[in-house]
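Trainee: Model the following, please.
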Amino acid sequence: MEKRVIFVLGPTAVGKTKYAIEIARALGGEIVSADSMQLYKFMDIGSAKPTAEEQSLCRHHLVDMIDPREAFSVSKFQKLAKAAIYDIEKRGLVPVVSGGTGLYVNSLIYDMDFSSPPGDEKKRRELYSLAEEKGCEYLHKLLEEKDSDAAARIHPHNIKKVVRAIEAAESGAKIPSFEQSFVKTKDYDAVIIGLERDRSELYERIDKRVNILIDAGLEDEVRGLIDMGLTEDDISMKGIGYKEIIAYFRGNYSLDEAVRLVKQNTRHLAKRQMTWFKRYEDIKWFNISAYENDESCIEVIINWLKKL
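Mentor: Down below sits the predicted model:
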């Protein structure tokens, strides 16, 4: 397979941005971000978005392009990211996908179809009405009777997914499980690099980065987003760093407690990301802590890639 897409994955604060830039520059490539927060406009600090200087070193796609008031989904990401990948390939360059949002990465590594069944609009409205009248638990019970496997995977409060699954079951189809969707894409050869650090070093980097974000003006950034009309109910504002600062503004706790929670929640996120990426069978892991410095590790990775 001639077409090759390089994936640079790992937990938050491990150093993906720097590594992806150096890899892209060495191989003649451009970066496609697979980060669910960095694609939003006006959310530069809390998302730890690549700086203007970093973006000047290598072209980045899917960064700073979506209004945080807009609804966004993994299916939209997949469409935009694949378009960017094909554009990069068409110009004879190497796509380098970098990010830590597992579902976004899966949508590019595997053949995942996010299209909804055609459905009956009248029936769909009836199902939503049932949820309003009798509650989401009642609707989930209907799904359980029609497709118990789907019901076990979908939370009762996720009404949109429950409705979609009922529609699929009634049409004779079933929503595939995540595992059933794990069929490698044939669009390109995915070369997957995993970055990790010793836990103590990673957690120290997380704490340091959170302090930097606070000093850089995260509070003002969140105030600006609230002034735009955004609230804690918007998906974009549920990201770590934003939700805690909003709760601080609401008087739920002090700024010191908000900062502590941001650090704690970021560490929990890093742990979940590692668990997610460890499931990839053909990922090549590099423990940065085992090298003298970043430059030494980057050199090893680039040499490994050039031999493939």
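
Trainee: Tell me where the model's unsure across this structure.
Mentor: Applying pLDDT under 70 to the chain flags the ranges 1-2, 115-119, 173-181.

Trainee: domain parsing for it?
Mentor: 4-111+184-307, 121-180 (automatic domain parsing).

Trainee: Could you dump the ones you listed into JSON lines with mean neighbour count added?
Mentor: Using the backbone N, CA and C atoms, a C-beta is placed for each residue, glycine as well. Listed next are the domains of the chain as JSON lines, based on neighbours: other C-beta atoms under 10 Å:
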{"stretch": "domain 4-111+184-307", "mean neighbour count": "18"}
{"stretch": "domain 121-180", "mean neighbour count": "15"}
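
Trainee: Now do the end-to-end distance for stretch 63-80.
Mentor: End-to-end distance of stretch 63-80 (C-alpha to C-alpha, to the nearest Å): 11 Å.

Trainee: Number the residues from 499 up from this point.
Mentor: Renumbered: residue one is now 499, and that last one reads stretch 561-578.

Trainee: Name the surrounding residues that touch it.
Mentor: By C-beta atoms under 8 Å, 6 or more residues apart in numbering, the residues outside stretch 561-578 that reach it are 531-534, 536-542, 547-548, 553, 560, 601-602, 605-606, 610, 612-613, 723, 726-728, 732-735.

Trainee: which residues touch stretch 513-531?
Mentor: Contacts for stretch 513-531 (C-beta under 8 Å, 6+ apart): 504, 506-508, 537, 546, 548, 552, 555-561, 579, 582-583, 586, 591-598, 691, 693, 695, 703, 786, 792, 795-796, 799-800, 803-804.

Trainee: can you pull out the helices in the stretch 549-698 of the chain?
Mentor: Taking DSSP state H, counting those that start in this stretch, the helices of the stretch 549-698 of the chain run over residues 550-555, 572-588, 600-607, 619-632, 634-644, 646-651, 657-668, 697-713.

Trainee: Select, out of those, the one closest to residue 757.
Mentor: helix 697-713 (6.0 Å; C-beta to C-beta).

Trainee: Tell me the gap between the closest one and the middle of its chain.
Mentor: 20 Å (C-alpha atoms, centre = their mean, to the nearest Å).

Trainee: Which strands or helices does that helix pack on?
Mentor: helix 753-775 (3 or more C-beta pairs under 8 Å, 6 or more residues apart in numbering; DSSP states H and E).

Trainee: which other helices and strands contact the helix or strand just after the helix it packs on?
Mentor: The helix or strand immediately downstream of helix 753-775 is strand 781-785, counting by DSSP states H and E. If you count contacts as 3+ C-beta pairs under 8 Å, 6+ apart, strand 781-785 packs onto strand 687-694, helix 792-805.

Trainee: Let me know the angle separating the shortest one from helix 753-775.
Mentor: What it means is strand 687-694. Interaxial angle of strand 687-694 relative to helix 753-775 (axes from the mean of the first three to the mean of the last three C-alpha atoms, to 10 degrees): 140 degrees.

Trainee: other SSEs contacting strand 687-694?
Mentor: Judged by 3+ C-beta pairs under 8 Å, 6+ apart, strand 687-694 is in contact with strand 502-507, helix 514-525, helix 600-607, strand 781-785, helix 792-805.

Trainee: same check, this time on the last one
Mentor: Secondary structure elements in contact with helix 792-805, counted by 3+ C-beta pairs under 8 Å, 6+ apart, are helix 514-525, strand 687-694, strand 781-785.
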